[in-house]
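Predicted model follows, preceded by the sequence.
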Amino acid sequence: MRNDLLNVLHCPFSGEDFELIVLKPETETNGLVIAQSVSEGLLKTHSGYTYPIINCIPRIIEGAMSIYAKSLTRYAEQIKKLQIHPVSYQMSDDFRRFFLPTLNRFHKEWKEHNTRQKTWGLEQDERLKKYLEYMGLEKADFSDKLFLDLGAGTGQLTCTLADSLNCNIIGVDIAPSIEKGEYLRKSSKKAGKTSFIQANLMALPFKPGVFDFIHASGVLHHTPDTYKALSNIEHYCKPGGKLGVWIYRKTERNIPLIPFVKNKFFMISEPRARKLTTKMNPSVLYALVLGHTAFFHFFYKLNQLIKGVKHKQTIRE
């Protein structure tokens, strides 16, 4: 975590500013720029609300002190001396019910995702073009502007935006797989302009009105209340700033169970499928979907050989 992040952060539950407690410092060298940052530490408010910084990423979610207790073991004696609010170790029933399953599912998805491959079937230059279109931006110099990428996933687009637009940008995701973004950041051209935070967009850890541009791509519909999620993020935008949202449309499409067979007896509707899949263990669901995809992929490739119909996607894509 870069030290200057403190300028925009505050506690999502108490509204207080954070004190930075450094447990393990880190020095980054980006060309001629040397920036002081924190590899491991704590963000603590005056009233004791505390969140860990693990692998350079602030983990500002409910129960983070418990979730990352193992990573903090070596600092147990230092932590004992601090007056940490008990709530820092607890999760609410709502968080366990509505957000923890989402955290686990997306952690599995992004953990399996190869950042060298396409995302949503798009290369990074295509994603950048799409972003500029729906945000209504010209590709100019945004060096003095602050961007927020909500639902950053592996941080691919976050790093692409920093490199291409020369902007300061913060990527946020509820899943711990946001660590992939931190790995990409360190090898990007504008590493010093990019930060990542693990947080819940329904309880964002930012001061109001600090961002010039905010976007949420393919994320708001995964919250318990999409309208509330949109209302929640709006006030983090500066007056005259831009907020862009990209969500999936609700569909009633049918999913084929056998390749090229469109008979209704061999199909399942998406709403019916989701009643099952959203309750499944992420690893079990992943194995099921991977097997289903590999089965279809074989027949698509066979069709390509026989009929010359191109099918470029890999099994993982």
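Structure's in. What do you need?

all strands for the stretch 201-317 of the chain, in order.
211-217, 237-246, 254-256, 267-269 (DSSP state E, counting those that start in this stretch).

need the helices for the protein, in chain order.
Counting by DSSP state H, the chain has helices at residues 64-67, 76-80, 93-94, 100-112, 124-135, 156-165, 179-186, 226-234, 270-277, 282-307.

can I get those in TSV with mean pLDDT?
Formatted as TSV, these follow (pLDDT from 0 to 100):
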stretch	mean pLDDT
helix 64-67	97
helix 76-80	95
helix 93-94	96
helix 100-112	91
helix 124-135	92
helix 156-165	94
helix 179-186	91
helix 226-234	92
helix 270-277	89
helix 282-307	91
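
if you compare these, which one is most tucked away?
Greatest average neighbour count among those goes to helix 156-165 (a mean of 24), per mean count of other C-beta atoms under 10 Å. Every residue, glycine included, has its C-beta placed from N, CA and C.

What is it packed up against?
helix 124-135, strand 146-150, strand 168-173, helix 179-186, strand 194-199 (3 or more C-beta pairs under 8 Å, 6 or more residues apart in numbering; DSSP states H and E).

Distance to residue 272 for the ones you listed - can I get that in CSV?
Below are those laid out as CSV (distance: least, C-beta to C-beta, whole Å):
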stretch, distance to residue 272
helix 124-135, 31
strand 146-150, 30
strand 168-173, 29
helix 179-186, 33
strand 194-199, 33
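
and of these, who's closest to residue 38?
Evaluated over the helices and strands packed on helix 156-165, closeness to residue 38 peaks at strand 194-199, with 11.3 Å, by C-beta to C-beta.

So what touches that closest one?
Defining contact as C-beta atoms under 8 Å, 6 or more residues apart in numbering, one finds that strand 194-199 is touched by 1-2, 5, 12, 56-61, 64, 152, 155, 158-159, 162, 168-176, 178-179, 181-182, 185, 188, 205.

Out of these, which end up buried?
Neighbour counting by 16 or more other C-beta atoms under 10 Å classes 1-2, 5, 12, 56-61, 64, 152, 155, 158-159, 162, 168-176, 178-179, 181-182, 185, 188, 205 among the contacts of strand 194-199 as buried.

Off-centre distance for stretch 310-317?
24 Å (C-alpha atoms, centre = their mean, to the nearest Å).

Please apply the same query to stretch 92-110.
Counting by C-alpha atoms, centre = their mean, stretch 92-110 comes out at 12 Å from the chain centroid.

For that stretch, measure first residue to last.
25 Å (C-alpha to C-alpha, to the nearest Å).

And stretch 247-258, by the same measure?
Start-to-end, stretch 247-258 (C-alpha to C-alpha) is 29 Å.

model confidence over that stretch, on average?
Per-residue pLDDT values over stretch 247-258 give a mean of 85.

Give me the residues contacting that stretch.
218, 220-221, 226, 262, 264, 266-271, 273, 296.

Need the max-distance pair from those residues.
Longest span within those, C-beta to C-beta: 220 and 266, 33.5 Å.

With neighbour numbers in mind, choose between these two.
residue 220 (22 against 12; other C-beta atoms under 10 Å).

quick one: the more buried one from residue 284, how far?
Taking C-beta to C-beta, to the nearest Å as the measure, residue 220 falls 26 Å from residue 284.

which stretch in the strands of the stretch 201-317 of the chain is the model least sure about?
When I compare the strands of the stretch 201-317 of the chain, strand 254-256 is least confident, with a mean of 88.

Now residue 271: closest residue in space, sequence neighbours ignored.
Excluding the flanking residues, the one nearest residue 271 by C-beta to C-beta, 6 or more residues apart in numbering is residue 252, at 6.6 Å.

how much space between that neighbour and residue 225?
Taking C-beta to C-beta, one finds residue 252 at 22 Å from residue 225.
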